[in-house]
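Undergrad: from the sequence below, what's the structure:
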Amino acid sequence: MSNQHRPVRRSIGFLPYIRVILAAVVTGAVLLAGRPLIAQNVDGEDFTRRDRTALLYQTKFLFTRENVPIVTVALVEGETSIQFESDGPLDFLPEGVGGPSVRVGKGRTTCTARLEEGLAARIRHWVALTRLPARDLDAIRRERASWELRGLKLRSVQRGSIFGFFGRVLDNRTSTLVEDASFDSVKDAARRRDALAAKTGLGTMELFEEVVERPRGTVKVSCSGVEASLSFPGMVMVEPAGGRVFTIRSVEYGKGFSWHGREDRSYRGRLVLTPDREGKLAAVNAVDAETLLKGLVPSEIYVDSPPDALRAQAVCARGELFAKLGNRHTADPYMVCADVHCQVYKGQNREDPRTSKAVDDTRGRMLFAQGGLADSVYSANCGGHTESGAAVWQGSGHEYLKGVPDAPEGTVLFEGGRTDAAVRAFVQTPPSGLYCGSTKYGKESFRWKKVVSAADVRSGVKEQTGTDPGDIKSLKILDRGVSGRILRLEVSGELANVVLSPELRIRKSLGGLRSSLFVMDESRENGAKGFAFTGAGFGHGVGMCQVGAIGMASGGTPFAKILEHYYPGSELVPIY
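TA: As a prediction, the model looks like this:
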């Protein structure tokens, strides 16, 4: 890297082998070309005995000597014990790299960690009304005024990070407007959110978390061949000697999904053992972003996809990762999780030469749009048209996420608009030329059918909303998005009428449908009332359609053009 592209950086106490390009806490120092832009707040910055866990909760970007960001990823949490091992010795670093260490083992070393005297975090919950880029002050003022006219008192909270390279600043900071009324119980906060959503018709309201007191506990570790156990107040970092990988036994994955299970997984980088929000034991992987992507990309796309589809996926995964850092899991001792809530990361076991090459080919490249880092979200199969981000998540109303046809320019998908008849024709008789319908991949998701009993709809609605609608009388579509996905659905029951929104809650309430792009008919099986759904696609449908990208790449479209199609107006930029 030439000097003119090297970032400004400074050393900190947490990991002396890594550097900070810019202080990334919103309340911390922001440096550009060596000059501070705002006052520095160094509280909790150093990784010291005084507060060893502080940095795990900071939205701070740390970097390797090669200027690759370090990310902390939750591998396991909510456990009473965690078993881990390596082919060689393990170094226990209670104060991080550069502090005192304890070496355990010679050959293969197996250890079991437990948490003693664990205490859960104390967390306040707020109803998040809207979320906007922190730099868009005019939009924030307009939104604040709009909500205040409704008679609500507000608070504004910033999250996210800012760091810069010469010629480019990455700023994923967000300003969230919350109702100025906090709840100790997440259930109480959710009830208030649902009441406000029903009153305003906005189904994308979310909950905002604020840590009042971090969790506590003492990590106890016993290892093979060692008589005495090791004790670490707060947390401990574990580094396999010689750069080896470490393996965690019985890693839980797919929580809340049909593919839920456990398996052994191996990881590169370092292991951090610490209390989680529930006062249980968590295992966190501190790993550089490019290594993380090599264990993530093959878990998110077919590894035998055309190279340009793999490159497009690598860019999207990198951009989504950086867009989320500091904005998700703010009440947890890590930046991102390793499951579908963030992006699926299976570690070293899942690495594949084809996807690793795609990560290397696109090293440090991300999409920018509207003067900032683009949140390059993606879904498995859009079914023929991507959805607008604003219809799915709070704070995603970007021009580059407005939703586009998954087809060549000029293709007409909905004759006469998104009427029920037009959507039915689109779903039941898809037009030719759709990118996600032109490959051997995802055929079972491109178009699908499912029958759900009225009794299961009733239990699903009750589980998702806390309201029992009683025996189901009917389902009524209230609103569809640009892709034809249902955004609001009214469930009429003998006891109550319930409006479901956004699309994920609709899918979960109706028996776990693949997407909310569907048409429905009443059905009867053995005399029992039910609903027959015919649908298209798999997932929320926002951003890049993964199977569609495969279709485009199979036709010879280079990855930069694929990204341009799914994120119109964006620019591909190398950052490091």
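
Undergrad: who does the closest residue to Val169 other than its chain neighbours form a beta bridge with?
TA: Closest residue in space to Val169, ignoring its immediate chain neighbours: Ile162 at 6.6 Å, by Cβ to Cβ, 6 or more residues apart in numbering. Just so you know, the C-beta spots here come from the backbone N, C-alpha and C atoms, and that holds for glycine as well. Going by DSSP bridges, Ile162 is paired in beta bridges with Asp171.

Undergrad: okay, strands next: where are they in the stretch 51-200 of the chain?
TA: For the stretch 51-200 of the chain, the strands defined by DSSP state E, counting those that start in this stretch cover 62-63, 69-79, 81-86, 90-93, 102-104, 109-119, 122-133, 154-159, 162-165, 168-171, 174-179.

Undergrad: and the longest one, C-alpha only, in PDB?
TA: Same thing as strand 122-133. Extracted in PDB, the C-alpha atoms of strand 122-133 (Å, rounded to 0.1, in the frame of the first residue of the first chain):
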ATOM      1  CA  ARG A 122     -29.400  -4.700  33.500                       C
ATOM      2  CA  ILE A 123     -30.800  -3.300  30.300                       C
ATOM      3  CA  ARG A 124     -33.300  -0.600  29.500                       C
ATOM      4  CA  HIS A 125     -35.600  -0.900  26.500                       C
ATOM      5  CA  TRP A 126     -37.000   1.900  24.400                       C
ATOM      6  CA  VAL A 127     -39.400   2.100  21.500                       C
ATOM      7  CA  ALA A 128     -37.400   3.200  18.400                       C
ATOM      8  CA  LEU A 129     -39.600   5.300  16.200                       C
ATOM      9  CA  THR A 130     -37.200   5.900  13.400                       C
ATOM     10  CA  ARG A 131     -33.500   5.600  12.500                       C
ATOM     11  CA  LEU A 132     -31.600   7.800  10.100                       C
ATOM     12  CA  PRO A 133     -28.000   8.500   9.100                       C
END
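
Undergrad: now do that strand: distance to the chain's middle.
TA: Distance of strand 122-133 from the chain centroid (Cα atoms, centre = their mean, to the nearest Å) equals 17 Å.

Undergrad: ok so, going back, so how many other residues sit close to the residue nearest to Val169?
TA: 27 (other Cβ atoms under 10 Å).

Undergrad: so it sits right up against Thr174, yeah?
TA: No. With contact defined as Cβ atoms under 8 Å, Ile162 does not reach Thr174; the gap is 11.3 Å.

Undergrad: and the longest helix seen in the chain, what does it pack onto?
TA: Within the chain, and with DSSP state H defining each element, the longest helix by residue count is helix 307-324. The contact analysis (3 or more Cβ pairs under 8 Å, 6 or more residues apart in numbering; DSSP states H and E) places helix 307-324 against helix 289-300, helix 353-361, strand 365-369, strand 372-373, strand 378-379, strand 544-545, helix 546-554, helix 559-566.

Undergrad: recalculate using a threshold of 6 Å.
TA: Secondary-structure packing of helix 307-324 (3 or more Cβ pairs under 6 Å, 6 or more residues apart in numbering; DSSP states H and E): helix 289-300, helix 353-361, strand 365-369, helix 546-554, helix 559-566.

Undergrad: show me the shaky parts of this structure.
TA: 1-52, 59-61, 97, 164-168 (pLDDT under 70).

Undergrad: center of it - which residue?
TA: Cys342 (2.3 Å; Cα atoms, centre = their mean).

Undergrad: if we can go back for a sec, distance check, the residue nearest to Val169 against Leu170.
TA: Relative to Leu170, Ile162 is positioned 7 Å away (Cβ to Cβ, to the nearest Å).

Undergrad: what is the neighbour count of the nearest residue to Val498 once chain neighbours are set aside?
TA: Of all residues not flanking Val498 in the chain, Val491 sits nearest, at 4.7 Å (Cβ to Cβ, 6+ apart). Val491: 24 surrounding residues under other Cβ under 10 Å.

Undergrad: cool, the one 4 residues further on as well?
TA: If you count neighbours by other Cβ under 10 Å, Leu495 ends up with 12.

Undergrad: which stretch of helix or strand covers it?
TA: Using DSSP states H and E, Leu495 maps to neither a helix nor a strand.

Undergrad: that one against Gly470, yeah?
TA: Yes. Leu495 lies in contact with Gly470 (Cβ atoms under 6 Å); the separation is 3.1 Å.

Undergrad: okay, now Ala228: neighbour count?
TA: The burial count for Ala228: 7, using other Cβ under 10 Å.

Undergrad: measure it to Val102 for me?
TA: From Ala228 to Val102 the distance is 11 Å (Cβ to Cβ).

Undergrad: same thing with Ser379?
TA: 46 Å.

Undergrad: please identify which of the two sits among more neighbours.
TA: Between Ser379 and Val102, counted using other Cβ under 10 Å, Ser379 has the larger neighbour count: 22 against 14.

Undergrad: how about the more buried one, what does it touch?
TA: 539-541 (Cβ atoms under 6 Å, 6 or more residues apart in numbering).

Undergrad: go with 8 Å
TA: By Cβ atoms under 8 Å, 6 or more residues apart in numbering, the contact set of Ser379 is 386, 537-546.

Undergrad: same list (those) but as CSV, adding neighbour count.
TA: Listed next are these as CSV, based on neighbours: other Cβ atoms under 10 Å:
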residue, neighbour count
Thr386, 32
Gly537, 34
Phe538, 24
Gly539, 26
His540, 26
Gly541, 34
Val542, 28
Gly543, 31
Met544, 26
Cys545, 32
Gln546, 27
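
Undergrad: let me know the closest of these to Thr72.
TA: Among the contacts of Ser379, Gly543 lies closest to Thr72 (Cβ to Cβ), at 24.4 Å.

Undergrad: what sits against the closest one?
TA: For Gly543, the contacting residues are 316, 375-379, 386, 389, 401, 566-567, by Cβ under 8 Å, 6+ apart.

Undergrad: quick one: terminal-to-terminal distance for stretch 521-537?
TA: Stretch 521-537 has an end-to-end distance of 19 Å (Cα to Cα, to the nearest Å).

Undergrad: please renumber so the chain begins at 31
TA: Shifting the count to begin at 31 puts that one at stretch 551-567.

Undergrad: buried residues in that stretch, which are they?
TA: 560-563, 565-567 (16 or more other Cβ atoms under 10 Å).

Undergrad: again with stretch 102-115
TA: 102-107, 109, 112, 114-115.

Undergrad: so Ala455 versus Gly447, what's the distance?
TA: Taken as Cβ to Cβ, the span from Ala455 to Gly447 is 12 Å.

Undergrad: whoops, I mixed them up, Ala271
TA: Distance, Ala271 to Gly447, using Cβ to Cβ: 64 Å.

Undergrad: equivalent analysis for Phe456, please.
TA: For Phe456, the distance to Gly447 - Cβ to Cβ - is 11 Å.

Undergrad: neighbour count winner among these two?
TA: Using other Cβ under 10 Å as the criterion, Phe456 and Gly447 rank with Phe456 on top: 23 against 9.

Undergrad: what residues are up against the more buried one?
TA: Taking Cβ under 8 Å, 6+ apart, one finds 414, 443-444, 514, 566 in contact with Phe456.
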